[in-house]
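>>> How does the following fold in three dimensions:
(one chain, ligands or ions: 1)
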Amino acid sequence: MRAPGKSTLDLLVGRERAKELFPLDDDDIKRQMLHDAGRRRPPDSNLPADDEGLFTRVYRWKEAVCMGLPHMFKGIDKVRHQLNKEVINLFLAGDYMHAPSVNGVMASGIDAARQAGEFLAKCIITPIKKPKKQG
Ligand SMILES: Cc1cc2nc3c(=O)[nH]c(=O)nc-3n(C[C@H](O)[C@H](O)[C@H](O)COP(=O)(O)OP(=O)(O)OC[C@H]3O[C@@H](n4cnc5c(N)ncnc54)[C@H](O)[C@@H]3O)c2cc1C
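Residues are numbered from 1 along each chain as shown. Model (predicted):
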């Protein structure tokens, strides 16, 4: 977010680095994170030139930050394929079916609704046959 000459900056850190930072006081966390962010400063960046900034709020969420882990998308794809083959009328939505963010969860909801719609349209055109009872 930019106001003339100023900006706000959200920095999110998890896993081992978060564990290192948790015990430090807020000022130390601010300095370390601004320092880290400034090390690969993009061109035209609004990052502060020092490690101070104007004001900071530090939140410590223990084991609560959603992480996109390596191979996660491959795993999600596998679940989707398995579901499509084995349970044809179940459509799951949630961040675990896409990416761990509000955007991801919205996209997964839209996907699930579209798949349910396509399934229902198929049922109307060719009703699904119930398996014959044995015996
Ligand atoms: C600390 C934190 C910060 C985040 N910051 C951001 C951010 O800045 N930007 C961003 O895009 N995303 C952020 N996220 C991620 C985002 O919040 C999630 O990806 C998103 O909310 C997931 O939505 P969902 O509907 O899949 O699950 P949820 O929002 O977790 O909803 C699941 C619901 O199911 C309910 N439930 C669970 N079990 C049962 C049960 N057995 N019976 C009935 N109900 C049940 C739960 O109570 C909950 O209401 C953040 C997440 C966390 C934890």
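
>>> What is the three-state secondary structure of the residue lying closest to residue 11 once chain neighbours are set aside?
Leaving out its chain neighbours, the residue that sits closest to residue 11 by CB to CB, 6 or more residues apart in numbering is residue 33, at 4.8 Å. Placement of C-beta: from N, CA and C, glycine included. Here residue 33 is helix, with the state taken from DSSP: H, G, I helix; E, B strand; the rest coil.

>>> Whichever helix in the chain runs longest and the ligand, are they touching?
Identified as the longest helix of the chain according to DSSP state H is helix 102-125. Yes: Helix 102-125 is in contact with the ligand by CB under 6 Å from any ligand atom, via 102-103, 105.

>>> Select only the buried ones of these in PyMOL?
In PyMOL, a selection of the buried entries from those looks like this (16 or more other CB atoms under 10 Å):
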select buried, resi 105
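
>>> quick one: the helices in this structure?
In the chain, the segments counted as helices under DSSP H are 15-21, 26-39, 72-86, 102-125.

>>> Any idea how far apart the tips of stretch 90-100 sit?
One end of stretch 90-100 to the other measures 21 Å (CA to CA, to the nearest Å).

>>> Quick one: residues in contact with that stretch.
For stretch 90-100, contacts defined as CB atoms under 8 Å, 6 or more residues apart in numbering pick out 66-68, 76, 79-80, 83, 101, 104-105, 107-109, 111-113, 115-116, 119.

>>> ditto for stretch 9-20
Outside stretch 9-20, the residues that reach it (CB under 8 Å, 6+ apart) are 21, 33-34, 37, 46-47, 53, 65, 67.

>>> Try it again at 6 Å.
33, 37, 65, 67 (CB atoms under 6 Å, 6 or more residues apart in numbering).

>>> Dump those residues to TSV, plus pLDDT, neighbour count and distance to residue 5.
Below are the contacts of stretch 9-20 laid out as TSV (pLDDT from 0 to 100; neighbours: other CB atoms under 10 Å; distance: CB to CB, whole Å):
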residue	pLDDT	neighbour count	distance to residue 5
33	92	20	22
37	88	16	19
65	71	13	31
67	76	9	34
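
>>> tell me which of those residues is nearest to the ligand?
residue 65 (5.5 Å; CB to the nearest ligand atom).
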